[in-house]
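Peer 1: Fold the following, please.
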Amino acid sequence: MDYSNVIVKKPWGSEYLCYRNDEVAIWFLHIEKDKETSMHCHPNKNTGFVVLEGKAKLSFLRNSMELEGLDKIHIFRSRFHSTRALTDSFIFEIETPEDKHDLVRLDDAYGRAGTQYEGKNHHLPKTADCFWIEDAVENPKSLSICGCTVKHLLITDKSQLLNNKEEELFVVTKGGIVTEKNEKVMWPGDVIDGKTLHRLASAFTFETKTSMIYVNK
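Peer 2: Next up, the predicted model:
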């Protein structure tokens, strides 16, 4: 199923695909205030969250945490989680690899426990308000999304990875960072803050054709 041109309606809001390549897919989620996703997991893919705007409570089977812009978190495969919007929340969800049907629902406030991902009867055409993140280039145009600046950077010089601030976020879309022995320490789908990126890039090097989506308020 190609989700490039549809909005998927959910009982908690909506989501749509806003970037895709062979390794990573990024979805833009709107979770309405006081609504929540199912308690679910993805057996075969890793997920990254970046809260662009709003405040949300992310719960696991035995604990929870609150996130707000620009908080980020990685959720590894098979870890059950649910997201409740404490205010209207807008989130980047990064999945590696792309597979919307890699889904197991444990509990759901809307009666979807045990069901599959929403079918075509929940699809609407994208509207003019929907955005698409283009492939990385050396001098990308900036998008303004939920008060955030978003740019898709093609990394051609190590200086691009240095001296960034902690509040600046980077989503790896291709390539990554490797050691002298070609051991990969940062992968497509990883979300990293600018300070951590500086530390890794200072010690190691980046692969050719590496690209990253930059996000900052």
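Peer 1: who does residue 193 bridge with?
Peer 2: residue 169 (DSSP bridges).
Peer 1: quick one: residue 109 from residue 15, how far?
Peer 2: 17 Å (C-beta to C-beta, to the nearest Å). (Glycine included, C-beta is placed from N, CA and C.)
Peer 1: Which one of these two is surrounded by more residues?
Peer 2: residue 15 (22 against 15; other C-beta atoms under 10 Å).
Peer 1: Chain neighbours aside, what residue packs nearest to that one?
Peer 2: residue 29 (4.6 Å; C-beta to C-beta, 6 or more residues apart in numbering).
Peer 1: can you tell me which residues contact the one you found?
Peer 2: Residue 29 sits next to 13-15, 89-93 when contact means C-beta atoms under 8 Å, 6 or more residues apart in numbering.
Peer 1: Just confirm it is within a strand.
Peer 2: Yes: judged by DSSP: H, G, I helix; E, B strand; the rest coil, residue 29 forms part of a strand.
Peer 1: What separation do you get for it and residue 166?
Peer 2: 24 Å.
Peer 1: got it, and residue 82?
Peer 2: When distance is defined by C-beta to C-beta, residue 82 is 28 Å away from residue 166.
Peer 1: more crowded one of those two?
Peer 2: More neighbours surround residue 82 than the other of residue 82 and residue 166, with 20 against 11 (other C-beta under 10 Å).
Peer 1: List the residues that contact the more buried one.
Peer 2: Here residue 82 is in contact with 36-40, 58-59, 107 (criterion: C-beta under 8 Å, 6+ apart).
Peer 1: Now residue 199: phi and psi?
Peer 2: When read as degrees, to the nearest 10, the backbone of residue 199 gives phi -60, psi -40.
Peer 1: check contacts around it.
Peer 2: So residue 199 contacts nothing (C-beta under 8 Å, 6+ apart).
Peer 1: That one and residue 136, how far apart?
Peer 2: Relative to residue 136, and taking C-beta to C-beta, residue 199 is found at 23 Å.
Peer 1: Skipping adjacent residues, who's closest to residue 124 in space?
Peer 2: residue 7 (4.6 Å).
Peer 1: shouldn't the one you found be in contact with residue 122?
Peer 2: No: counting by C-beta atoms under 8 Å, residue 7 does not reach residue 122; the two are 9.2 Å apart.
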